[in-house]
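Participant: Provide a 3D model corresponding to the input given below.
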Amino acid sequence: MKIALHKADTRGHANHGWLESHHSFSFANYHDSERMGFGVLRVLNDDRVTSGMGFGKHPHDNMEIISIPLSGDLEHKDSMGTTAVIKSGDVQVMSAGTGIFHSEKNQNRNEEVKFLQIWVQPNKRGVEPRYDQITLNPADLDDKLAQILSPNKDDEGVWVYQDAWFHMGDLNAETEVIYHIKKAGNGVYAFLLEGDATVAEVSLNRRDAVGITEAESFTVKADSDAKILLMEVPMK
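Facilitator: Numbers count the residues shown, from 1 in each chain. Alright, predicted model coming up:
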């Protein structure tokens, strides 16, 4: 097993006033040759958008884009005619494929919105763009790891054009679970959203992350009440 520890305070940081973002990997004006991604996981941005502000219409292509709101309400509009609002407990996916324009805006006038913006490189290019979102059942995350994304249309969670699996859990203190790698050769990027936990025998605090490769399984133990996101992706 190989381990790469990324402490929260080593992430890139940008504050534009209306937008504050922490970048786990090189993005925009933040560049670190040692942090160009984790396998096909290219972007993990921890964003905060002030009330009434947002990202204007902008293009994407050939990328699987996943948004996970942590608080507040985020309005999405795109060139496919989609208008939707996502909030905490939702998971949104957009396959940009041949090309798509979209905008994201904090719908609230008196509350900021916090969300994770995740980009995964696809295993199939030039697909027809598509959009989907789901609402998670909190009971499914209670003291266990719930699958929220996979490569399979008929499986739990949203799906993407990649051999990737995401799991999220709200773990009570002292809970211990074992995660088994779904596909040989994949790695897992574990991002601790809240609390304290020991992942693959590495101690993590809020917003710390650990990249795990060359493993078949590893243990996640909540040292306090903790919320964690596991992102299993191909390393090539």
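Participant: Which strand or helix spans the most centrally placed residue in the chain?
Facilitator: Nearest to the mean C-alpha position of the chain, by CA atoms, centre = their mean, lies residue 118 at 4.6 Å. Using DSSP states H and E, residue 118 sits within strand 113-120.
Participant: Just the helices from this structure, written as ranges.
Facilitator: 138-141 (DSSP state H).
Participant: got any ranges where it has weak pLDDT?
Facilitator: Regions of the chain meeting the criterion pLDDT under 70 are absent.
Participant: follow-up on the earlier one: let me see the residues that make contact with the strand holding residue 118.
Facilitator: Strand 113-120 is contacted from outside by 40-49, 63-74, 86, 106-107, 160, 162, 164, 229, 231, 233, using CB atoms under 8 Å, 6 or more residues apart in numbering. In short, each C-beta sits where N, CA and C put it, glycine included.
Participant: Now list the buried members of those residues.
Facilitator: For the contacts of strand 113-120, a neighbour count by 16 or more other CB atoms under 10 Å gives the buried set as 40-49, 63-70, 72-74, 86, 106-107, 160, 162, 164, 229, 231, 233.
Participant: dump the residue contacts of residue 91.
Facilitator: Applying CB under 8 Å, 6+ apart, the residues near residue 91 are 66-68, 133-134, 136, 148-149, 157-158.
Participant: show me what contacts residue 22?
Facilitator: If a contact means CB under 8 Å, 6+ apart, then residue 22 has 8, 11-13, 45-46, 207 as its contacts.
Participant: switch the cut-off to 10 Å
Facilitator: Listed by CB atoms under 10 Å, 6 or more residues apart in numbering, the contact partners of residue 22 are 8-9, 11-15, 30, 44-48, 207.
Participant: Then residue 171?
Facilitator: The contact partners of residue 171, taken as CB under 10 Å, 6+ apart, are 141-145, 177, 194-195, 197, 220-228.
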